[in-house]
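# sequence and predicted model, in that order:
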Amino acid sequence: MGKYFGTDGFRGEANKDLTFDHAIKIGRFLGWYYGANQGKKAKVLIGKDTRRSSYMFEYALCTGLMASGADAYIMHVTTTPSVAYITRTDDFDCGIMISASHNPFYDNGIKVLNGNGEKMEEETLLKVEEYIDGKIEIPVAEREDIGRTVDYVEGRNRYIGYLISMSKYSFKGVKVGLDCANGAAWNIAKAVFNALGAKTYVMNDSPDGYNINTDCGSTHIEHLQKFVVEKGLDVGFAYDGDADRCLCVDEKGNVVTGDHILYVYGLYMKERGKLLNNKVVTTIMSNFGLYKALDKVGIEYEKTAVGDKYVYENMVQTGNRIGGEQSGHIIFSKYATTGDGILTSLKMMEVMLAKEKPMSELAAPCKFYPQVLKNVRVKSKPDAQNDPDVQAAVKKVADELGEDGRILVRESGTEPVIRVMVEAGSDEICEKYVDQVIEVITAKGHLA
């Protein structure tokens with residue numbers, strides 16, 4: 001990770017951590033890097049979510065791009081996966097999504113994608129950072145070389161058509177609930193489900209610039225749970241601010257997490273001979289219950305670091321076809337280069353209709369183990385993590401849990417914190433073992 005760009009773009013509070021000046025400079029550099037630097041006029045695609053500040057950053061990026069001679073194609077309010085898809089299929093030099101995903105409205109972010117619709121290579125992002133810090137000088141465009149903006153709402157419409165084409169079944173007669181989080185999915189998800197014939201019930205589809213993710217969407221799934229039960233719906237899907245995540249709610253009001261989705265669709269692929277390498281890609285934070293369920297049906301799995309970036313990198317390297325996170329970032333590598341919440345909901349509908357089973361029955365074999373996670377603020381993460389006594393305490397817990405649970409101790413990527421997590425048969429067992437390890441960290445003087 002660089003100075004400004006993390007695993008999910010340049011993110012922070014709007015005009016405090018991430019400013020309009022940063023956006024202008026990002027546009028300036030990318031417009032020059034993909035254009036004049038290569039002897040041509042660059043084409044850059046831009047999408048945004050519904051935050052009030054997204055409009056400011058959109059104009060700032062366009063200003064920088066045009067000043068460097070690039071043409072900026074604007075998709076307006078749209079989802080992150082739609083920007084990735086259209087960047088790839090319409091031969092753009094790169095794509096930019098303005099969003100802070102599931103964060104509150106006052107935060108924002110700038111995600112940069114390469115011409116294949118994948119997260120931008122770190123080498124390029126480091127050059128952007130050098131320009132932001134004044135270490136690189138680039139010229140401005142003049143006369144006929146100055147760029148322009150192009151209204152490209154047609155790209156969003158084509159993406160909607162692509163999603164509709166993904167379904168093998170009519171949704172006629174199925175009652176579906178959608179929680180759009182007052183975010184980027186609000187004008188896309190309903191259009192897709194309606195076109196496929198579903199009887200669609202939508203909530204949180206009235207964005208005002210401030211209410212994105214506010215007590216709604218995949219981070220507040222309890223509202224969709226209640227909605228599905230009260231309306232007597234067959235299934236519900238909740239997205240986050242930029243709709244690259246999807247969580248489900250079954251007809252009984254139970255939450256179907258990203259881990260459940262990996263199990264349900266992974267098994268569906270295996271049954272049809274479509275699960276290449278017989279593997280599902282997970283992160284180290286996936287629930288122990290997922291692994292137990294996959295073991296029972298003979299599906300193998302990979303474990304990556306936390307972050308959909310690492311899941312996708314694994315899939316590219318290995319050819320594995322499905323992977324994701326418990327939070328609902330699910331990647332279907334045959335169809336997308338990033339997590340796509342709406343695509344995920346369509347794929348889950350496909351399994352329900354193909355197997356003629358309710359969501360509750362499909363997800364039932366993946367039984368979640370109780371989990372306790374505690375954060376310990378420390379003076380030095382490496383010192384605490386590598387302390388022989390701490391490692392011995394972790395090993396002792398792992399040995400005692402055996403095949404009935406697991407312990408995970410890892411460093412936070414953003415805070416001076418060690419995370420101690422145990423999954424086991426009960427909350428009491430989890431608490432006991434987590435506290436045992438924390439006691440050793442404390443006794444060795446690692447607490448900050």
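Arrived safely, thanks for sending.

# for the closest residue to F332 other than its chain neighbours, give me its contacts.
Counting by C-beta to C-beta, 6 or more residues apart in numbering, I322 is the residue found nearest to F332 once chain neighbours are left out, at 6.0 Å. Where you see a C-beta, it was placed from the backbone N, CA and C, and this is true even at glycine. Applying C-beta atoms under 8 Å, 6 or more residues apart in numbering, one finds that I322 lies in contact with 262, 265-266, 269, 275, 280-281, 330-333.

# over to K172?
Under the contact definition (C-beta under 8 Å, 6+ apart), the residues listed for K172 are 197-198.

# if we go to 7 Å?
K172 makes contacts with G197, as judged by C-beta atoms under 7 Å, 6 or more residues apart in numbering.

# shouldn't G147 be in contact with M66?
Yes - using C-beta atoms under 7 Å as the test, G147 is close enough to M66 to be in contact (3.7 Å).

# tell me how far V150 lies from I188.
When C-beta to C-beta, to the nearest Å is applied, the distance between V150 and I188 equals 20 Å.

# what about the two, which has more around it?
I188 (24 against 12; other C-beta atoms under 10 Å).

# distance of the nearest residue to A448 once chain neighbours are set aside from G115?
Using C-beta to C-beta, 6+ apart and skipping residues adjacent in sequence, the residue nearest A448 is R377, 4.5 Å away. Relative to G115, R377 is positioned 42 Å away (C-beta to C-beta).

# next: L346.
Relative to G115, and taking C-beta to C-beta, L346 is found at 26 Å.

# the two: who's more crowded?
Set side by side, L346 and G115 give different neighbour counts by other C-beta under 10 Å, the larger being at L346 (25 against 16).

# T283 against G323, yeah?
No - in this structure T283 lies outside contact range of G323 using C-beta under 7 Å: 8.6 Å.

# which residues are in contact with each of the two?
Taking C-beta under 7 Å, 6+ apart as the contact definition, T283 and G323 share the neighbouring residues V311.

# tell me which of the two has more neighbours.
Set side by side, T283 and G323 give different neighbour counts by other C-beta under 10 Å, the larger being at G323 (29 against 23).

# D8 and E144, how far apart?
37 Å.

# so these two - more neighbours on which side?
With neighbours defined as other C-beta under 10 Å, D8 and E144 compare such that D8 has more, 18 against 7.

# which of the contacts of I322 lies closest to Q436?
Taking C-beta to C-beta as the measure, Q436 lies nearest L262 of the contacts of I322, at 30.5 Å.

# so that closest one: helix, strand or coil?
The assignment at L262 comes out as helix when based on DSSP: H, G, I helix; E, B strand; the rest coil.

# which strand or helix spans V311?
helix 308-318 (DSSP states H and E).

# same question for L163.
Under the assignment given by DSSP H and E, the secondary-structure element containing L163 is helix 153-166.

# now for N114: which residues touch it?
With contacts defined as C-beta under 7 Å, 6+ apart, N114 is in contact with 94, 120-121.

# and it, how close does it get to V281?
Between N114 and V281 the distance, using C-beta to C-beta, works out to 21 Å.
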